[in-house]
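1. With the sequence up front, the predicted model follows.
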Amino acid sequence: HSLIDGSRLAIRGGSAGGFMTLASISIAPEPVFFKAATPSFGISDLVSFVKFTHKFELRYMDKLLSGTPTEVPEVYAARSPVNHADKIVTPLLVRVFIYS
């Protein structure tokens, strides 16, 4: 759109949006699209998320990723931004909170 200045486009999000922010700058086919990023309590490691989350969220992940980390470890690894951190070139402000 002509009103959007692509040279100044940033991305931010919290929780699942934080995951999307991290994925957008690490896993995405063009991880250099955004000029800045700031996830708030974003999920970076899906295996750790499953290990430490409450049961309601756990079943949700099984459905989204077609199995557990034991059943489809390659899917969890491929979709965890932490495993693609070497591809991050976008300036990144990480915000972590005590109760996240």
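-> Nice, I can see it. Numbers count the residues shown, from 1 in each chain.
2. And the helices in the protein?
-> Assigned by DSSP state H, the helices in the chain fall at 16-26, 46-52, 55-64, 73-78.
3. hey, which of these is tucked in deepest?
-> Scoring the helices of the chain by mean neighbour count under mean count of other C-beta atoms under 10 Å gives helix 16-26 as the most buried, with a mean of 21. C-beta coordinates here come from the backbone N, C-alpha and C atoms, glycine included.
4. can you tell me which residues contact the nearest residue to G67 once chain neighbours are set aside?
-> Spatial nearest neighbour of G67, excluding adjacent residues (C-beta to C-beta, 6 or more residues apart in numbering): V75 at 7.2 Å. Applying C-beta atoms under 8 Å, 6 or more residues apart in numbering, we find V75 in contact with L65, S66, G67.
5. how about a cut-off of 10 Å?
-> Applying C-beta atoms under 10 Å, 6 or more residues apart in numbering to V75 gives the contacts L46, L64, L65, S66, G67, P69.
6. got it, and K87?
-> Contacts of K87 by C-beta under 10 Å, 6+ apart are I25, S26, I27, A28, P31, V32, P81.
7. related to what we said a few turns ago, least confident of the helices of the chain, on average?
-> Note on the helices of the chain: lowest mean pLDDT is at helix 55-64, with a mean of 79.
8. got the angle between that one and helix 16-26?
-> Put simply, helix 55-64 runs at 40 degrees to helix 16-26, going by axes from the mean of the first three to the mean of the last three C-alpha atoms, to 10 degrees.
9. what packs against helix 55-64?
-> Helix 55-64 sits against helix 46-52, with contacts defined as 3 or more C-beta pairs under 10 Å, 6 or more residues apart in numbering; DSSP states H and E.
10. Figure out how far the helix it packs on is from the centre of its chain.
-> Centre-to-centre, helix 46-52 and its host chain are 13 Å apart (C-alpha atoms, centre = their mean, to the nearest Å).
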